[in-house]
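K.L.:
have a look at this prediction, sequence included:
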Amino acid sequence: MPTPTRITPGSLRAAARTVLERDGRDGLTMQAVATALGVRAPSLYKHVRDRDDLIRVVVDDVSRELGDRLDLALAAAGADPANAARALAAVARDFAHEHPHGYALVFGPLPGGSGPDRAALDHGASAVLEAARRLAGEEHALDAARTLTAWMHGFTSMELAGAFRLGGEVDAAWAYGLERVVAGLAGDDDGSAA
C-alpha cells in the first residue's frame, strides 16, 4: 500500500498557486488542489477552513513573494530615487506577466475573509513606500506610493487584458508613462526624471 501524501504548508501553497495559474481564480477549488497534491479534498480541511481560506493562503504567499522581489530591486537600485521607482515598477510588471492570476488576486477584490494578513500587505508595500519616500519626500510618501502603484497596476492590467489595441509599441508606452509619473512624483517640472 502506498504511503499517503503528506501535506505541508509549502506543498499546499505551491499546489494552489500552480492550480491558480493554470486554471484561473474560478478553477482554484479545494478539489483541484487536492488532485494536484494527490489526496482527497477532505484532507485539505486539516490545513484550510474553506475555499476563502485557501484563497487567503495564496494571496499571502503571492504578496510575500512580490514583496521579496521588490525588496531586492530596491536594494539593487542604489541611492537614486528615480531608478528605485523605475526598478520597482519593472519588477511588479514582470511579476504580473509571470503570475497573472496571482497578481490579479493580490490587486483584485476578494471574498469576505480572503484578504492577506497585515504582515503580508506591509511586506508587499514596504519597498514601494520607501522608494516613494525617497522620490517625493516623507510628507508625500504614501500619496506617491499610491500614485506609482495605481499607474503601474492600471497599465499592467490593461496590458495583460490585451486592451492596448491601437498599435504602437507597448514597451515604449510603458517607458514614456513611467518617466512622466516618476518625474511628476519627484517634482521635476521639465517632465524628465533624473
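P.N.:
Received it, and whenever you're ready, just let me know what you need. Numbering: from 1, shown residues only.

K.L.:
quick check: phi and psi at the residue sitting nearest the centre point of the chain.
P.N.:
For the chain, the residue sitting closest to the mean C-alpha position, by Cα atoms, centre = their mean, is Tyr103 at 4.3 Å. Note on Tyr103: backbone dihedrals following degrees, to the nearest 10 are phi -60, psi -40.

K.L.:
wait, doesn't it sit right on Arg93?
P.N.:
No: here Tyr103 does not reach Arg93: they are 9.5 Å apart, not a contact under Cβ atoms under 8 Å. No exception for glycine: its C-beta is placed from N, CA and C like everyone else's.

K.L.:
what is in contact with these two at once?
P.N.:
Common neighbours of Tyr103 and Arg93 (criterion: Cβ atoms under 8 Å, 6 or more residues apart in numbering): Thr156.

K.L.:
picking that back up, against Ala144, how distant is the residue nearest to the centre of the chain?
P.N.:
Tyr103 sits 21 Å away from Ala144, going by Cβ to Cβ, to the nearest Å.

K.L.:
cool, Leu166 as well?
P.N.:
In this view, Leu166 and Ala144 are 29 Å apart by Cβ to Cβ.

K.L.:
same check, this time on Phe155
P.N.:
Note on Phe155: its distance to Ala144, by Cβ to Cβ, is 17 Å.

K.L.:
which one's more surrounded, these two?
P.N.:
Ala144 (26 against 21; other Cβ atoms under 10 Å).
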